[in-house]
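1. How does the following fold in three dimensions:
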Amino acid sequence: MQDKKTTLKKIAISVLSIIVFLGIIYLIFHLLGWTKISKEELQSKIEKTGVVAPLVFILISFLQVTFIPIPGTVTILVGNYLFGFWLSFLYSYIGMFIGGILAYFLGRWIGRPFINWLAGSKEEANRWIKKLKGKEKVLLFFMFLLPLFPDDLLCSLAGVLPITFLEFLLMQGITRATTIGGTLLFASGEIIPLKGWGLYLLGTLLVIIIVLFIMALKNADKINKKMDKLLKRFNKNN
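-> Numbers count the residues shown, from 1 in each chain. Below is the predicted model:
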């Protein structure tokens, strides 16, 4: 019993330390005016940091998934301008992937108070949970794929929903690579133009995603059961 209390105390201290640390970073960024900023301004500020620009960019990508309300598309495109396609992909992936993991555990450790804060209110948090209930794995996967939903809230919601850490890692591993790569390919306009054949290709891909989403939604229970079976087999083998 004493060991359990000691462990819980250590976890509480660790969580509090992480929150305080991130809170300090957020405050610094807020005072510098980096939390409400245009793409051009963010670009300029990161560029001025010189040799540590990659680390600053990774940190911003990390915080974008947890505390700073900057759209992922903006940070990815800034990275593309500063570092090129592949380095932007790598730095964005590292920052967002780690940020997603932290958001997941903050949701799991702190629970509803943190979710309510991210959602803006208890009622809004309840609305999200009700919307995802019973189909959380399928819905979250497709929500992570589309740049229309709040990353920080979705990752933290995964922490309070019946989604294991391994399932969350698989979701993040696939969807982060897809969304970052898709943003760099389409939104930058450098590789696939946002006109002519590029628009036709983008439209086709969106139609495919929507069709897959509808099919997955209709078969959500079956997909969830299959995922559970696969994870049980994986856990047994390990």
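2. What is the least confident helix or strand in the chain?
-> None of the helices or strands of the chain scores lower by mean pLDDT, DSSP states H and E than helix 2-31, at a mean of 57.
3. Mind checking the pLDDT average for stretch 227-238?
-> Computed over stretch 227-238, the mean pLDDT rounds to 68.
4. Same question for stretch 46-57.
-> The pLDDT scores in stretch 46-57 average 89.
5. now stretch 103-111
-> For stretch 103-111, the mean per-residue pLDDT is 87.
6. Name the residues of that stretch that are buried.
-> Residues 103-110 are the ones in stretch 103-111 that count as buried (16 or more other Cβ atoms under 10 Å). In short, each C-beta sits where N, CA and C put it, glycine included.
7. and which of these is nearest Ser92?
-> Among these, Ala103 lies closest to Ser92 (Cβ to Cβ), at 15.7 Å.
8. separation between the closest residue to the closest one other than its chain neighbours and Met215?
-> Distance criterion Cβ to Cβ, 6 or more residues apart in numbering; nearest residue to Ala103, sequence neighbours excluded, is Cys155 at 3.5 Å. Distance of Cys155 to Met215, given as Cβ to Cβ, to the nearest Å: 25 Å.
9. I figured Met227 hits Glu136, correct?
-> No: if you go by Cβ atoms under 8 Å, Met227 and Glu136 don't touch, sitting 11.0 Å apart.
10. Which one's more surrounded, those two?
-> Legend: neighbour count by other Cβ atoms under 10 Å for Met227 and Glu136, higher for Glu136 (21 against 17).
11. Now do the same contact list for Gly79.
-> Residues in contact with Gly79 (Cβ atoms under 8 Å, 6 or more residues apart in numbering) are 57, 61, 87-88, 91-92.
12. if you set the cut-off to 7 Å instead, what comes out?
-> 57, 88, 91-92 (Cβ atoms under 7 Å, 6 or more residues apart in numbering).
13. Can I get the buried part of those as one ChimeraX selection?
-> This is the ChimeraX syntax for the buried subset of these, where burial follows 16+ other Cβ under 10 Å:
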select :57,88,91,92
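14. so, if you compare the contacts of Gly79, which one comes nearest to Gly189?
-> Checking the contacts of Gly79 against Gly189 with Cβ to Cβ, the nearest one is Ser88 at 14.3 Å.
15. From the rest of the structure, what touches stretch 41-48?
-> Applying Cβ under 7 Å, 6+ apart, the external contacts of stretch 41-48 come out as 34, 53, 56-57, 74, 78, 81-82.
16. hey, where'd the helices end up in the chain?
-> Secondary structure of the chain by DSSP state H: the helices cover 2-31, 39-47, 53-64, 72-83, 85-110, 112-119, 122-132, 136-145, 151-160, 165-182, 197-218, 220-237.
17. For the third one, list every residue counted as buried.
-> For helix 53-64, the buried set under the neighbour-count rule, 16+ other Cβ under 10 Å, comprises 53-54, 56-64.
18. one step back: just name the most buried of the helices of the chain.
-> Sort the helices of the chain by mean neighbour count, taking mean count of other Cβ atoms under 10 Å, and helix 151-160 sits at the top with a mean of 23.
19. Output the contacting helices and strands for that helix.
-> Helix 151-160 sits against helix 85-110, helix 112-119, helix 122-132, helix 136-145, with contacts defined as 3 or more Cβ pairs under 7 Å, 6 or more residues apart in numbering; DSSP states H and E.
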